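Participant: mind looking at a prediction? Sequence and model below.
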Amino acid sequence: MATGGQVFLPEKDLLALNPKGLSGFIEELRKSETQTRHLRKRLEALQDKSARACPACGRPVAGRSDAIYCRSECRVRAYRESRRNGYSRIKSIS
Ligand SMILES: [Zn+2]
């Protein structure tokens, strides 16, 4: 299905698919989208010599100029750690 970064399915094949069986396929596509995006951001960060370092993992941050973390996992991790270590004593709902 995925050859050389291209994903293509002819319309007649799409119409022949069982809509009930698409969840796994959609999930696969979503994963590869995420991986592609992470790779692109890493490459952009490598290309960008002025990139800031991510406070969570130290890798360079690419993309939006106001981005602090290199990816959402780092942002979430930093947020969780600030909750655990810090100022907020409010009981976590999660
Ligand atoms: Zn990071």
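Facilitator: It's in.
Participant: the residue positioned nearest the centre of the chain and the ion, how far apart?
Facilitator: Against the mean C-alpha coordinate of the chain, by CA atoms, centre = their mean, the closest residue is T34 at 4.7 Å. Applying CB to the ion, to the nearest Å, the value for T34 to the ion is 15 Å. In this view, the C-beta of every residue, glycine as well, is placed from N, C-alpha and C.
Participant: next: L43.
Facilitator: 15 Å.
Participant: how about A56?
Facilitator: 4 Å.
Participant: what residues does the nearest residue to that residue once chain neighbours are set aside make contact with?
Facilitator: Closest residue to A56 apart from its sequence neighbours, by CB to CB, 6 or more residues apart in numbering: C74 at 3.5 Å. Neighbour list for C74: C54, P55, A56, C57 [criterion: CB atoms under 8 Å, 6 or more residues apart in numbering].
Participant: helix or strand for C74, which one?
Facilitator: Using DSSP states H and E, C74 falls within helix 72-85.
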